[in-house]
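Engineer: Need coordinates for the following:
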Amino acid sequence: MLRLLGILVTVLCAIGAAILSWPQFFHLERTWPIAQLVAFRGIIVLACAAVLVVMLLLMLIRPLRGFAASIALIAVLAGAANAGIIASRGLGNDALPAKTSQSLRVMTWNTAGSATDPDTIARTAVAMDADIVTLPETTIDTGEKVAIAMRGLGHRMWAYHTQYGEHGWDASSTTVLISPDLGDYSVVESTSDGTTNTSTVPSAVAMPVDGDGPIIVAAHAVAPRQSYMASWENDLRWIANQCAADNVIMAGDFNAGIDHMAALGVDGATMGRCHDAASATGTGGVGTWPTDMPALLGAPIDHVMATDAWIPTGSVVLTSLDGSGSDHRPLVVQLDRAK
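Structural biologist: Alright, predicted model coming up:
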């Protein structure tokens, strides 16, 4: 009886490990609670290591040796698979490549509203020589303060935004700053009914009025809490649909990792026709949330994506600002125009 129970537990553990390692195969990547667990692959690796240690100790007990060895093997395989996936997406870079005349730098930072000082945002954007800055959970008042501070530092930007309601908490606003060098822009009017924007917190779609700048999508999907899973999945589909033109750059808080975006891309892209820039440049395994957790244990849920009109040449997650107030880390990506 105990032998059969051990076999059953081993089989269940193997299935669970397989689901957490490759949820897309089982079409469970956007299912609660798998979606939440797979976002933290670094923690899964640590959990597998802990299980391995316990099983190695249990192998000293002769009646449990076979069972413990089986579970230890599962832990090794699952831990190695998840560690390999993190490494393949990138463990981070120290700096961006030199900027050229064909380069754009895009910074995205969920500022958690008033938790982050506008001067800190401005200094960071100027230091990174950003041409586009997307700021989920940032009001236009704060965005204008950031733009004014950047102008004072010799880096002009125009501020655009979208907002749900007349008043509300900071998450009801998303602001995007765009360099005048890209031309004039206009934000598309939208509503929160799930057809013209993301459902609960807004995304801003900035269309070029003149010049040859890209369509810019400042994305913000609702967090995948259990009661919001349907809205979260609809938000991801809506964001993917925004990347249908030839020249699009999307950046923001997607509240989703690469695993959650399975089947949302077209012709091998990540979402719509857009490709994830951080994963292509060695930073996709670095967690951008939360800041109170080591970066390699966190969830990479903030992204910069672009169509084939742009070639990602570098990316960096700024961990030096973990004490600035926000629970997200800034992500900066360099894109070069495709020739």
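Engineer: quick one, longest helix in the chain?
Structural biologist: With DSSP state H applied, the helix covering the greatest number of residues in the chain is identified as helix 65-89.
Engineer: mind checking pLDDT for residue 15?
Structural biologist: Looking at residue 15, its pLDDT reads 96.
Engineer: Oh, that last question was meant for residue 145, not what I typed.
Structural biologist: Looking at residue 145, the pLDDT reads 97.
Engineer: Could you do residue 188 as well?
Structural biologist: 88.
Engineer: Repeat that for residue 167.
Structural biologist: For residue 167, the predicted pLDDT is 57.
Engineer: which stretches of the stretch 151-300 of the chain form strands?
Structural biologist: Here the stretch 151-300 of the chain has its strands, by DSSP state E, counting those that start in this stretch, at 158-163, 173-178, 185-187, 204-208, 215-220, 248-253, 275-276.
Engineer: To residue 76, which of those strands lies closest?
Structural biologist: strand 275-276 (28.8 Å; CB to CB). C-beta: built from backbone N, CA, C; applies to glycine.
Engineer: Who are the packing partners of that closest one?
Structural biologist: strand 302-306 (3 or more CB pairs under 8 Å, 6 or more residues apart in numbering; DSSP states H and E).
Engineer: Below-threshold pLDDT in the stretch 201-339 of the chain: ranges please.
Structural biologist: Regions of the stretch 201-339 of the chain meeting the criterion pLDDT under 70 are absent.
Engineer: any chance you could map the helices in it?
Structural biologist: 229-241, 277-280 (DSSP state H, counting those that start in this stretch).
Engineer: Any chance of those in TSV with mean neighbour count and distance to residue 122 as columns?
Structural biologist: Converted to TSV, the helices of the stretch 201-339 of the chain look like this (neighbours: other CB atoms under 10 Å; distance: least, CB to CB, whole Å):
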stretch	mean neighbour count	distance to residue 122
helix 229-241	20	27
helix 277-280	24	23
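Engineer: Can you tell me which helices and strands the longest helix of the chain packs against?
Structural biologist: helix 2-21, helix 41-58.
Engineer: was I right about residue 66 contacting residue 2?
Structural biologist: No: taking contacts as CB atoms under 8 Å, residue 66 lies outside contact range of residue 2: 11.0 Å.
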